[in-house]
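Participant: Sharing a sequence plus its predicted fold:
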Amino acid sequence: MRLLVSLCSRTDEAPGSLLVLDTAPLRIIEAARIVDPAFGVFGLSVSPSTVYSVFDRGRPTPDQPERSELRALDHGSLHDTWRYPFTV
């Protein structure tokens, strides 16, 4: 079985924010190729055609107090189909 896993914080050992895993045997198949990779991904919601998730875009700045966005990813390719940046 293949699973999509979201990481709430990237590390040197796991630089991707989304990982595709194979459960038999348990191993990482690949990091999902995310455009403009985030610092982390908070949860996943899946529909038949789309994967939705909130991406952490990093520490707030004076110009951008909110740095997270909702992204919709194509279910098959995991490429962005749209993004919605949250604002304060």
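Facilitator: Nice, thanks for sending it over. Everything numeric in this text was worked out from a predicted model, so none of it was measured.
Participant: Name the residues of the helix or strand bottoming out on mean pLDDT in the chain that are buried.
Facilitator: In the chain, no helix or strand scores lower on mean pLDDT, DSSP states H and E than strand 26-31, which sits at a mean of 72. Using 16 or more other Cβ atoms under 10 Å as the test for burial, strand 26-31 gives residue 31. Any C-beta I mention is one placed from the backbone N, CA and C, and that applies to glycine too.
Participant: Tell me the helix or strand right after that strand.
Facilitator: strand 40-46 (DSSP states H and E).
Participant: Show me what that next one packs onto, helices and strands only.
Facilitator: strand 2-6, strand 50-56 (3 or more Cβ pairs under 8 Å, 6 or more residues apart in numbering; DSSP states H and E).
Participant: Run me through the strand neighbours of that strand, direction for each.
Facilitator: Here strand 40-46 is paired, per DSSP bridges, with strand 50-56 (antiparallel).
Participant: List the buried residues for the helix or strand just after the partner strand?
Facilitator: Next along the chain after strand 50-56, taking DSSP H and E as the criterion, comes strand 68-74. Within strand 68-74, the residues scored as buried using 16+ other Cβ under 10 Å are 68-69, 71-73.
Participant: quick one: strands adjacent to strand 68-74?
Facilitator: Using DSSP bridges, strand 68-74 pairs in its sheet with strand 50-56 (antiparallel), strand 80-85 (antiparallel).
Participant: Any idea which of these gets closest to residue 3?
Facilitator: Closest to residue 3 of these is strand 50-56 (Cβ to Cβ; 12.0 Å).
Participant: Kindly calculate the angle that that closest one makes with strand 2-6.
Facilitator: Note on geometry: by axes from the mean of the first three to the mean of the last three Cα atoms, to 10 degrees, strand 50-56 and strand 2-6 are set 30 degrees apart in direction.
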